[in-house]
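J.: need the 3D shape of this:
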Amino acid sequence: MKAAIIIKDLSYSYPDGHQALSNINLNINPGERVAVIGPNGAGKSTLLLHLNGILKGTGEILIMGKSQSAGNLPVIRSLVGLVFQNPDDQLFSPTVFEDVAYGPIYQGLENTEINERVEKALSDVHMDAFRERASHHLSLGEKKRIALATVLSMNPYILVLDEPTSGLDPRARRDLINLLKGFDQTLFIATHDLLLVKDLLPRTVILDAGRIVFNGDTKNALHDKTLLTAHGLELPK
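T.: Numbering: from 1, shown residues only. Reported below is the predicted structural model:
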């Protein structure tokens, strides 16, 4: 079985010279649920943006055995569904339907399949009744669900989410976690929400200053107060 994600010696510096990632090596198997946590500025979002080729560092990334060559990028971006922290970065069409249909349209699918994909994606996030609504009129929690639907409509094998619960009230947060529990895709989630990590993600990677400082069982990470404190993390009481 091919690994879902293989990262070999990935490093990345921003144009201003800031070293955001240094020698990242990571394998994630199909169906795994993995958290990436760490303090602000650790490189979590930068790492996520490499997984479907938005950023390009040195080293190598394989997605389901496929390299991120220029010719492979359309396939890579259909395999990896990336959901941004701010849903307004992902929603730009006049209606929810058009937002969710954008990816399948870009793939050149027939109208019948586009409609089927949109209906299924909206059903998967329990937003069936919102297809004709304007995305910018929705609540944050609703927007986050629609942003998730925009990647689900591409039938991804891997879901990559950046701070999915940030800004949500307790009910919206719990609803989103319950949705994610029902998905069978490989999950790779960057978050400060350690209760989400405890509840949903059995494996944890800790990043700090662009380097992996822990990669292992979530229970071991969250029970190690010295480890958490050393890297700017704290499990809520």
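
J.: measure Met64 to Lys143 for me?
T.: As judged by C-beta to C-beta, to the nearest Å, Met64 and Lys143 stand 29 Å apart. All C-beta spots, glycine's among them, are computed from the backbone N, C-alpha and C.

J.: more neighbours, those two?
T.: Counted by other C-beta atoms under 10 Å, Met64 and Lys143 do not tie: Lys143 has more neighbours, with 21 against 17.

J.: contacting residues around the more buried one?
T.: 87-88, 91, 135 (C-beta atoms under 8 Å, 6 or more residues apart in numbering).

J.: turn those residues into CSV, including neighbour count, secondary structure and distance to Leu201.
T.: As requested, those are exported to CSV (neighbours: other C-beta atoms under 10 Å; DSSP: H, G, I helix; E, B strand; the rest coil; distance: C-beta to C-beta, whole Å):
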residue, neighbour count, secondary structure, distance to Leu201
Pro87, 24, helix, 21
Asp88, 12, helix, 25
Leu91, 22, coil, 26
Ser135, 24, helix, 28
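
J.: okay, who's weakest in those by pLDDT?
T.: Ranked by pLDDT, the contacts of Lys143 bottom out at Ser135, which scores 90.

J.: tell me which residues of stretch 153-163 come out buried.
T.: 153-163 (16 or more other C-beta atoms under 10 Å).

J.: residue boundaries of the strands in the chain?
T.: Using DSSP state E, the strands of the chain run over 5-13, 19-28, 33-37, 58-63, 66-67, 80-83, 158-162, 186-190, 203-208, 211-217.

J.: which elements pack onto the worst-scoring helix or strand of the chain on mean pLDDT?
T.: Of all the helices and strands that make up the chain, helix 73-79 has the lowest average by mean pLDDT, DSSP states H and E, namely a mean of 91. With contacts defined as 3 or more C-beta pairs under 8 Å, 6 or more residues apart in numbering; DSSP states H and E, the packing partners of helix 73-79 are strand 66-67.

J.: next one: the strand it packs on to chain centre, how far?
T.: Its chain's average C-alpha position is 19 Å from that of strand 66-67, according to C-alpha atoms, centre = their mean, to the nearest Å.

J.: outside of it, which residues touch it?
T.: With C-beta under 8 Å, 6+ apart as the test, strand 66-67 has contacts from 60-61, 72, 75-76, 79.

J.: ok, Arg174 - how many residues close by?
T.: 14.

J.: just Ile63 next, same as before
T.: Using other C-beta under 10 Å, Ile63 is surrounded by 24 other residues.
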